[in-house]
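In: structure of the sequence below:
(one chain, ligands or ions: 1)
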Amino acid sequence: MSNSVKTFLKQVGKDYQSQSVNPPVVRASTVIFKTIQDIKKTQSKYKKNPLSKNFDYGRKGTSTTFVLQDLLRKIENAYQVYLTPTGFGAVFLGIISIVRPGDEIIITDSVYSPTRFLTEEYLKKFNISAIFYDPKNLNDLKRKITNKTKLIFVENPGSNTFEFQDLNKILSFAKKRNIFTAIDNTWGTPYLIKPLDLGFDMSIVSATKYYSGHSDVMGGSLAINKKLFKKVELSQKAIGSRLGPDDAYLIIRGLRTLDIRLDKHQQNALKIAKFFSKQRKVKEVFYPFKKNNNQYKMWKKYYSGASGLMGIKVLSKNKNSVIKFLNKLKLFSYGYSWGGFESLALYQDKLALGNRSYTKLNNNEHIIRLHIGLEDPNDLIADIKQAIKSIR
Ligand SMILES: Cc1ncc(COP(=O)(O)O)c(C=O)c1O
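Out: Numbering: from 1, shown residues only. Modelled structure (predicted):
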């Protein structure tokens, strides 16, 4: 890509054939050909070069999804990108392409909880084991590698507790033992960090979040290097789950402003993080803004910026008063999926955090996840100020 990603995202997908600045939405289950020779030509082109567009059946994609696939391939510096109907679908496709009965996967302890369910509970039925490592102690990861380890699955930063890890260290452990590596990069997106350039084999992003940016569509992307191409291509063919053209169109539309939105999410989040760091009831702010601590260093080493998702650890013996704080917020809705233009809050106690081994929470500690949206940050701070008085 010769232009910067900012320029690329504004220019990509222009369609001079339809004379439309945006790619047309091509909806097709049946893909038609004039002659049998024409369909054979498409198919043999794909056989010779599996990266060529195999437009002979709707499930394999249409010109709209191919535009999104090409766009993401460029910004991820990937060999290929697979589009899935949800972000979690991309997690599943990535993992299932690699592991077989008898294999072990080593995973960040603070991984997105459905990923924990998939690996810890569901894949157990297929004799695949999940082992979780402490994201704050990578020697723990190193110790857990065995001859059965097939995949190291990293989420960076971790969900809700936002641990930033030394990614090169993880990659060096994996390379020495020929272990595949995957990263859930939904928080950073390839605008802030390019995991495949670092040496990861797979980079997963929930397109539902910052790619779409408007909280109205779901999708996922699995970007891979050449080494994994045959494996993932085969799994995708076997599973048959793909993103539809209307959703692809909305994600392309969102991606036009990914850079602008993320820059502003960061600006707003930084102000809110500083505000929280001065509040008596807030013990910790999970956001990379305080220089010279290890978490900040790890973030700075790998990321060109930060997004809008953060957490705070609140101290209170009175859980109801913490809930009251959340209920009193007027500009922060209560909701799970994040990455849109709007601010959100979420209460996380021990139960909500799930089965973790390394997140220690005392009874008087409460984690609140906040998505800092694109509103005026002064209004957000005023809203927090009027609500935070409730915490006793
Ligand atoms: C870190 C992370 N990965 C993956 C997902 C799954 O994405 P989706 O909701 O698109 O399935 C989420 C959703 O919240 C997430 O937070």
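In: Leu123 touches Val99, doesn't it?
Out: Yes. Using C-beta atoms under 8 Å as the test, Leu123 is close enough to Val99 to be in contact (7.0 Å). Every residue, glycine included, has its C-beta placed from N, CA and C.
In: need the contact list for the closest residue to the ligand within the stretch 1-150 of the chain.
Out: Residue of the stretch 1-150 of the chain nearest the ligand, by C-beta to the nearest ligand atom: Gly87 (2.5 Å). Contact analysis of Gly87 by C-beta atoms under 8 Å, 6 or more residues apart in numbering lists Thr186, Ile204, Val205, Ser206, Ala207, Thr208, Lys209, Met218, Gly219, Gly220.
In: excluding chain neighbours, what is closest to the last one?
Out: Yep, that's Gly220 we're talking about. Ala90 (3.3 Å; C-beta to C-beta, 6 or more residues apart in numbering).
In: how near is the one you found to Thr84?
Out: 5 Å (C-beta to C-beta, to the nearest Å).
In: Ala269 now?
Out: From Ala269 to Thr84 the distance is 28 Å (C-beta to C-beta).
In: what does Lys176 give?
Out: Relative to Thr84, and taking C-beta to C-beta, Lys176 is found at 31 Å.
In: what's the answer for Asn320, then?
Out: From Asn320 to Thr84 the distance is 40 Å (C-beta to C-beta).
In: contact residues of the chain facing the ligand?
Out: Counting by C-beta under 6 Å from any ligand atom, the residues of the chain lying close to the ligand are 86-88, 91, 112, 155, 159, 184, 186, 206, 208, 218, 220, 337.
In: show me the strands in the stretch 151-300 of the chain, by range?
Out: Applying DSSP state E, counting those that start in this stretch to the stretch 151-300 of the chain gives strands spanning 180-184, 202-206, 220-224, 282-286.
In: give me the more crowded residue out of Asn320 and Thr84.
Out: A direct count of neighbours by other C-beta atoms under 10 Å for Asn320 and Thr84 places Thr84 higher, at 25 against 10.
In: which residues touch the more buried one?
Out: Applying C-beta under 8 Å, 6+ apart, we find Thr84 in contact with Ala90, Phe92, Leu93, Gly219, Gly220, Ser221, Leu222, Ser241, Arg242, Leu243.
In: tell me which of the contacts of Gly87 is nearest to Lys300?
Out: Distance to Lys300, by C-beta to C-beta, is smallest for Thr186 among the contacts of Gly87, at 19.9 Å.
In: what is the burial count for the closest one?
Out: 27.
In: in CSV, list the C-alpha atoms belonging to the lowest-mean-pLDDT helix or strand in the chain.
Out: Every helix and strand of the chain was ranked by mean pLDDT, DSSP states H and E. The lowest is helix 350-353, at a mean of 80. Coordinates of each C-alpha in helix 350-353 appear next as CSV, following Å, rounded to 0.1, in the frame of the first residue of the first chain:
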residue,chain,number,x,y,z
LYS,A,350,-16.4,-12.1,39.7
LEU,A,351,-19.3,-14.0,38.2
ALA,A,352,-19.5,-11.9,35.0
LEU,A,353,-15.7,-12.2,34.5
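In: gap between it and the chain center?
Out: 21 Å (C-alpha atoms, centre = their mean, to the nearest Å).
In: please list the residues outside that helix that contact it.
Out: Ser113, Asn160, Thr161, Thr359, Leu361, Ile367.
In: any chance of the contacts of Gly87 in JSON lines, with pLDDT and distance to Lys48 too?
Out: What follows is the contacts of Gly87, written out as JSON lines (pLDDT from 0 to 100; distance: C-beta to C-beta, whole Å):
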{"residue": "Thr186", "pLDDT": "99", "distance to Lys48": "35"}
{"residue": "Ile204", "pLDDT": "99", "distance to Lys48": "29"}
{"residue": "Val205", "pLDDT": "99", "distance to Lys48": "30"}
{"residue": "Ser206", "pLDDT": "99", "distance to Lys48": "34"}
{"residue": "Ala207", "pLDDT": "99", "distance to Lys48": "30"}
{"residue": "Thr208", "pLDDT": "98", "distance to Lys48": "35"}
{"residue": "Lys209", "pLDDT": "98", "distance to Lys48": "37"}
{"residue": "Met218", "pLDDT": "98", "distance to Lys48": "34"}
{"residue": "Gly219", "pLDDT": "98", "distance to Lys48": "29"}
{"residue": "Gly220", "pLDDT": "98", "distance to Lys48": "29"}
